[in-house]
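Trainee: 3D model of this:
(one chain, ligands or ions: 2)
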Amino acid sequence: MAPGDIMLNHAMVRDQGMLAAYVSDVYPAVADFDLLQKIKSYTARAGFNVHTGIGMTTQSYYLGQGRGHAIESGPKPDTSLMSYWQERHIANCEMETAVLFLLASLYQIPAANCLVVHVNRLSDQWVPDKVYKGYHLKAAEAVLGACLE
Ligand SMILES: O=P(O)(O)O[C@H]1O[C@H](CO)[C@@H](O)[C@H]1O
Ligand SMILES: O=c1cc[nH]c(=O)[nH]1
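Mentor: Ligands and ions are numbered 1, 2, ... in the order given. Next comes the predicted model:
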């Protein structure tokens, strides 16, 4: 998976207790199958390299994703966290999708995600900001096309 590719998740792992006021942790965070398929066709047709798989929604960007930071005092990241999830074939981390999938299922609204890959954690390769914005615009047009079909 390279920065600038598209990642579509059919399901998400999530931090324990996320949206506990709405539903217990055993309820799945999943996409609407038909909408996801449509987004997959439209983004592929727009020329993106499209991946699908299970992702992970975390409540924090640093320790929640096993990422180091420059603050010397205080809690440190668990450096084994990413390999734990990699061994279980979790393809990507982000911070919103599970919440949207859960609320959408509970309120019966079709939902799917469409993520532009910002960084490859293994190579630490990032998309430069300007290019990243351009990819988002193109991806948003493809998603709108899929929704209006
Ligand atoms: O893919 P990018 O733009 O880095 O988005 C991610 O970055 C934010 C965290 O700072 C969250 O919104 C997460 O989903
Ligand atoms: O590593 C990443 C990249 C984007 N968004 C995240 O939450 N984590």
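Trainee: Tell me the buried residues in the longest helix anywhere in the chain?
Mentor: The residue-count maximum for a helix in the chain (DSSP state H) belongs to helix 129-148. Along helix 129-148, these residues count as buried under the neighbour rule (16 or more other CB atoms under 10 Å): 132, 135, 138-139, 142-143, 145-146. Every C-beta, even on glycine, is put in place using the N, C-alpha and C of the backbone.
Trainee: Quick check, residue 40 in contact with residue 8.
Mentor: Yes: judged on CB atoms under 8 Å, residue 40 makes contact with residue 8 at a distance of 5.8 Å.
Trainee: shared neighbours, those two?
Mentor: 50, 52 (CB atoms under 8 Å, 6 or more residues apart in numbering).
Trainee: The longest helix of the chain - what's its average pLDDT?
Mentor: Average pLDDT, helix 129-148: 97.
Trainee: What degree of burial does residue 126 show, as a neighbour count?
Mentor: The criterion is other CB atoms under 10 Å. On that basis, residue 126 has 14 neighbouring residues.
Trainee: Give me the pLDDT value at the nearest residue to it once chain neighbours are set aside.
Mentor: Counting by CB to CB, 6 or more residues apart in numbering, residue 126 lies nearest to residue 119, which is 4.7 Å off, once chain neighbours are set aside. Model confidence at residue 119, given as pLDDT, is 95.
Trainee: Now do residue 119 against ligand 1, distance only.
Mentor: 7 Å (CB to the nearest ligand atom, to the nearest Å).
Trainee: residues touching that residue, list them.
Mentor: Per CB under 8 Å, 6+ apart, neighbours of residue 119: 3, 125-127.
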